[in-house]
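Trainee: Kindly return the folded structure for what I paste below:
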Amino acid sequence: MTVETTSGGEYLEGRILIAMPTMSDPRFKKTIILLCTHNEEGAMGIVLNKNIEAFTFGSLLEQLEIQHDNSLDKTRVHFGGPVDAERGFILHSTDTIQENSTVIGEGIALTATLDMLERMATGEGPDSSFIALGYAGWGPGQLEAEIQSNGWLVVDADPELVFSEQIGGKWQAAIDKLGFDPGLLSMDAGHA
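Mentor: Now for the predicted structure:
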């Protein structure tokens, strides 16, 4: 569902941003981001296609002193974005929802509590999950300006793209959802 913004556009909560091939910010080059919130106060999203090297869910649980079995030691923790990089977020399927979970799209929810990590550590968590540290954030009107200046393209989110373990292929999979080659677009704002 989209909601009109005060500037005549639409809020993009629950959609995916795709960095244009010409993205100059190295933190976001070939990045896709699931927008978890987007309103008149700004936007917040989770990067979906960057791992944190040599850091696993098992090591996160150990740091938090949460009991778990060794089967979680290979589950990756991802770079969610450059803001508040020590704060954890769990994108997950909606089969497991807690009181403080936020449904952000069809079959996709966000929870940022230790309770969910503890449930996951005991095997009682959601069927699908994506664990991230940090997030991407924009102030009022900042994201809209970046989109207008051809920094980002937007596609609908789907659980398969969000929860896929093929991190390296997510940007191309999101591009493929567009149905055209964004390299053919003019990089001048307002011109296709």
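Trainee: Got phi/psi on the residue lying closest to D181 once chain neighbours are set aside?
Mentor: Of all residues not flanking D181 in the chain, I175 sits nearest, at 7.9 Å (CB to CB, 6 or more residues apart in numbering). For every residue, glycine as well, the C-beta is placed using N, CA and C. Main-chain dihedrals, I175, degrees, to the nearest 10: phi -60, psi -40.
Trainee: Quickly note the distance from I175 to D127.
Mentor: 27 Å (CB to CB, to the nearest Å).
Trainee: if you count what's nearby, which of those two comes out ahead?
Mentor: In terms of neighbours (other CB atoms under 10 Å), I175 is the more surrounded of I175 and D127; the figures are 21 against 11.
Trainee: Tell me which strands the strand or helix carrying L35 pairs with, and in which orientation.
Mentor: L35 is part of strand 32-39, with elements assigned from DSSP states H and E. Here strand 32-39 is paired, per DSSP bridges, with strand 15-19 (antiparallel), strand 42-47 (antiparallel).
Trainee: looking at the ones you listed, which is closest to M116?
Mentor: Among the strands paired with strand 32-39, the nearest to M116 by CB to CB is strand 42-47 (14.5 Å).
Trainee: what secondary structure does F130 sit in?
Mentor: strand (DSSP: H, G, I helix; E, B strand; the rest coil).
Trainee: pLDDT on the strand holding L35, on average?
Mentor: For strand 32-39, mean pLDDT is 96.
Trainee: Residues contacting that strand, please?
Mentor: 11-19, 43-49, 81, 89, 91, 102, 104-105, 108, 110, 135-136, 143, 157, 161-162, 170-171, 174 (CB atoms under 8 Å, 6 or more residues apart in numbering).
Trainee: State the phi and psi torsions of L153.
Mentor: phi -110, psi 160.
Trainee: Also A145?
Mentor: Torsion angles at A145 (phi, psi; degrees, to the nearest 10) stand at phi -70, psi -40.
Trainee: burial count for it?
Mentor: The number of residues packed near A145 is 13, by other CB under 10 Å.
Trainee: Identify the residue nearest the residue nearest the centre of the chain in space, chain neighbours excluded?
Mentor: Centroid-nearest residue in the chain, with CA atoms, centre = their mean: I46, separated by 2.8 Å. Nearest non-adjacent residue to I46, counting by CB to CB, 6+ apart: G80, 4.5 Å away.
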